[in-house]
Structures are given as C-alpha cells and as structure tokens.
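Asks: Provided below are the primary sequence and the corresponding predicted coordinates.
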Amino acid sequence: MSALASKKLAREVAELRASPDNKRCFNCETLGTTYYVPQYSIFVCTQCSGIHMQFAHRVKSVTLAEYKADEVEHMRQGGNQVAAYRYLARFTPDRDMRKPVDRNPQRIRTWIQTVFMDKRFFSADAPIPRRSTDGAAAAAAAAAA
C-alpha cells in the first residue's frame with residue numbers, strides 16, 4: 001500500500017474515532033478512546049483495552065497501528081453505536097447490571113464477560129438505524145421528527 005493510501009486510511013480512522021458515538025469508551029464511557037476492538041467493532045479506552053486483551057480479544061491502537069482498507073470499512077459499518085444496538089439490545093439499565101463508569105477493573109471485567117462473552121443482552125435481530133453520512137441531512141431529519 002502506498003504512503004498516500006496509508007495516510008488517507010489513518011485520517012479516516014481518526015475521523016471515525018472522533019465521531020460523537022466513538023469518543024467515549026464503549027465499556028466505561030471514559031472520554032477519549034485510544035484502541036479499537038475489531039471483533040466487536042468498538043472503540044475503547046486504554047484500561048478497557050487491557051481487559052479485552054485478557055479475554056484474548058485482538059486490540060489495535062487507533063493512532064499507532066496501520067489499517068487496511070477492509071478494516072476501515074468494517075469500522076465504518078460498526079462503531080460503538082452499532083455495537084450498542086446489537087450487544088445491548090436487551091439491556092435495561094434500571095433492571096440489569098450497571099455500566100462500569102467508575103472504572104473499577106473487576107466491574108469492567110464482569111461487564112465485558114457479561115456483554116461480549118456470555119452475550120446476555122445480545123440480539124442478532126436488533127434493528128440498526130441507517131446512518132447518514134451527511135450531517136445536514138441528519139439534522140434536518142431530526143428536526144422534522
């Protein structure tokens with residue numbers, strides 16, 4: 001892959017990471033995601049990335065790793081919001097366990113085990129809203145609703 005193509009993909013990864021849905025860690029909601037978990041197509045913080053690795057999940061740095069075009073396409077199709085629709089489809093915050101927003105490692109480990117390994121809240125049939133690539137069109141649609 002050419003240096004120009006690599007730079008373009010790196011720029012796109014940075015843009016995907018900076019999108020509102022991916023700015024916060026999927027697991028603990030910490031602001032600032034530094035890693036990507038391809039298996040679940042989620043962006044996570046440094047602490048949660050380490051715990052994902054304990055489960056043998058592949059983790060890639062969003063700033064240091066090089067990405068191939070198909071990986072970036074997978075990122076485009078996924079992200080934290082899409083993962084939430086699938087992996088948290090049957091999650092009810094008032095009834096089920098709480099997200100580990102206190103960043104307690106044991107709670108994060110339990111959360112990852114429950115959400116991704118046990119798939120307690122998962123639904124393959126969960127409807128995933130279409131994303132607009134045009135922010136103005138999305139804002140107009142939201143205003144019309």
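Replies: Looks like it arrived, so ask away. In this text, all values refer to a predicted model and were calculated from it rather than measured experimentally.
Asks: for D94, give me the pLDDT.
Replies: In the predicted model, D94 carries a pLDDT score of 86.
Asks: pull the number of nearby residues for it.
Replies: The burial count assigned to D94 is 5, neighbours taken as other Cβ atoms under 10 Å. The C-beta positions use only the backbone N, C-alpha and C, and glycine is treated the same way.
Asks: show the subsequent helix or strand relative to whichever helix in the chain runs longest.
Replies: Ranked by residue count, the top helix of the chain under DSSP state H comes out as helix 3-18. Toward the C-terminus, helix 3-18 is succeeded by strand 35-37 as the next helix or strand (DSSP states H and E).
Asks: wait, Q47 touches R103, no?
Replies: Yes - proximity of Q47 to R103 meets the contact threshold set by Cβ atoms under 8 Å, at 6.2 Å.
Asks: joint contacts of the two?
Replies: The overlap between the contact sets of Q47 and R103 (Cβ atoms under 8 Å, 6 or more residues apart in numbering) consists of 28, 30.
Asks: compare these two (neighbour count), which wins?
Replies: When neighbours are counted by other Cβ under 10 Å, Q47 and R103 differ, and Q47 comes out ahead with 19 against 15.
Asks: picking up where we left off before, can I get the longest helix of the chain in CSV, CA atoms only?
Replies: Written as CSV, here are the backbone C-alpha positions of helix 3-18 (Å, rounded to 0.1, in the frame of the first residue of the first chain):
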residue,chain,number,x,y,z
ALA,A,3,2.2,6.0,1.8
LEU,A,4,-0.6,8.3,0.4
ALA,A,5,-3.2,5.5,0.8
SER,A,6,-1.9,4.7,4.3
LYS,A,7,-2.2,8.4,5.3
LYS,A,8,-5.8,8.5,3.9
LEU,A,9,-6.8,5.5,5.9
ALA,A,10,-5.2,6.8,9.1
ARG,A,11,-7.1,10.1,8.6
GLU,A,12,-10.3,8.2,8.2
VAL,A,13,-9.7,6.1,11.3
ALA,A,14,-9.0,9.4,13.2
GLU,A,15,-12.3,10.8,11.9
LEU,A,16,-14.2,7.7,12.9
ARG,A,17,-12.7,7.8,16.4
ALA,A,18,-13.7,11.5,16.7
